[in-house]
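Chemist: Got a predicted structure plus its sequence, pasted below:
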Amino acid sequence: MKSLFVKGANALQNPGDPIVLPRHARSDEVDYECELGVVIGKACKNVKRENAIDYVLGYTCVNDVSARDWQLKWGGGQWCKGKFFDTFAPIGPCLVTPDEIPQPNNLKIKTVLNGETVQNSSTSDMIFDIPAIIEFLSGSTTLLPGTIILTGTPQGVGMASKPPKYLKAGDSVTIEIEKIGALTNPVTEEV
């Protein structure tokens, strides 16, 4: 079974913009997740995997920030409140077209937290490749231009560290993907 979730438009952040830790609907277990973002370039529905890349505008870095306490303890749902807070989807630094990355399922990907590499893997370790993801998501559903698909994170998230490494004010988190670049965001607290 494939897991799906939706990020709100207010979750999107530019490089350099802060990831804001929620304080009203408080979370003290905010985590990082480096992911390859796939941006859809033209409307697609019921796409076959062999044609899926024809619908891709490009690839980018995304930090799929997640509030683990809301996901797992407080009724926010694994794929709902814990993923939906403002600033929880930094994206960038650029969009790289498919002709520049003919093998998106074989890119080095990592997260650097305060200068320490905490995730270090390859998109070749993804459970599903990009054509399979697009084929599944477009089944009886129209993916509009500008839709951003996050493809999953490798091992090394903060929740799984011993002890856990959650984001805190003053941190700096960088997502790096080969052939795309680095996305860096500071971490602050909600006022």
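Modeler: Sure, I can see it. Keep in mind that what you see is a predicted model, and the values were worked out from it rather than measured.
Chemist: Show me the shaky parts of the protein.
Modeler: Within the chain, the segments meeting pLDDT under 70 span 1-6, 74-80.
Chemist: run the last query once more with 50
Modeler: Per-residue confidence for the chain (pLDDT under 50) gives these ranges: 1-3.
Chemist: and the end-to-end length of stretch 162-182?
Modeler: End-to-end span of stretch 162-182 (Cα to Cα, to the nearest Å): 26 Å.
Chemist: Same question for that stretch: list its buried residues.
Modeler: Within stretch 162-182, the residues that count as buried by 16 or more other Cβ atoms under 10 Å are 165-167, 171, 173-177, 180-181. The way it works is simple: take the backbone N, C-alpha and C, and place the C-beta from them, glycine included.
Chemist: Okay, helices next: where are they in the chain?
Modeler: 68-72, 82-84, 130-137 (DSSP state H).
Chemist: Show me what the first one is packed against.
Modeler: What it means is helix 68-72. On a contact count with 3 or more Cβ pairs under 8 Å, 6 or more residues apart in numbering; DSSP states H and E, helix 68-72 meets helix 82-84.
Chemist: Recalculate using a threshold of 6 Å.
Modeler: Applying 3 or more Cβ pairs under 6 Å, 6 or more residues apart in numbering; DSSP states H and E, one finds that helix 68-72 makes contact with no other helix or strand.
Chemist: Make 21 the starting number, not 1.
Modeler: All set: I'll call the first residue 21, so the last point we hit is now helix 88-92.
Chemist: In it, which residues are buried?
Modeler: Those would be 88-91, for helix 88-92 by 16+ other Cβ under 10 Å.
Chemist: Quick one: closest of the helices of the chain to residue 144.
Modeler: Nearest of the helices of the chain to residue 144, taken as Cβ to Cβ: helix 150-157 at 11.5 Å.
Chemist: neighbouring contacts of that closest one?
Modeler: Applying Cβ atoms under 6 Å, 6 or more residues apart in numbering, the contact partners of helix 150-157 are 22, 58, 67, 69, 72, 124.
Chemist: Would you mind listing which of these are buried?
Modeler: Applying 16+ other Cβ under 10 Å to the contacts of helix 150-157, the neighbour count classes 58, 67, 72, 124 as buried.
Chemist: What's the separation between the second one and residue 55?
Modeler: Here residue 67 is placed at a distance of 21 Å from residue 55 (Cβ to Cβ, to the nearest Å).
Chemist: quick one on the thing from earlier: nearest to residue 117 among the buried residues of stretch 182-202?
Modeler: residue 200 (11.0 Å).
Chemist: Including distance to residue 103, could the buried ones among the contacts of helix 150-157 go into CSV?
Modeler: What follows is these, written out as CSV (distance: Cβ to Cβ, whole Å):
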residue, distance to residue 103
58, 17
67, 25
72, 24
124, 23
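Chemist: Show me the two of the residues you listed that sit farthest apart.
Modeler: Taking Cβ to Cβ, no two of these sit farther apart than 67 and 124, at 15.8 Å.
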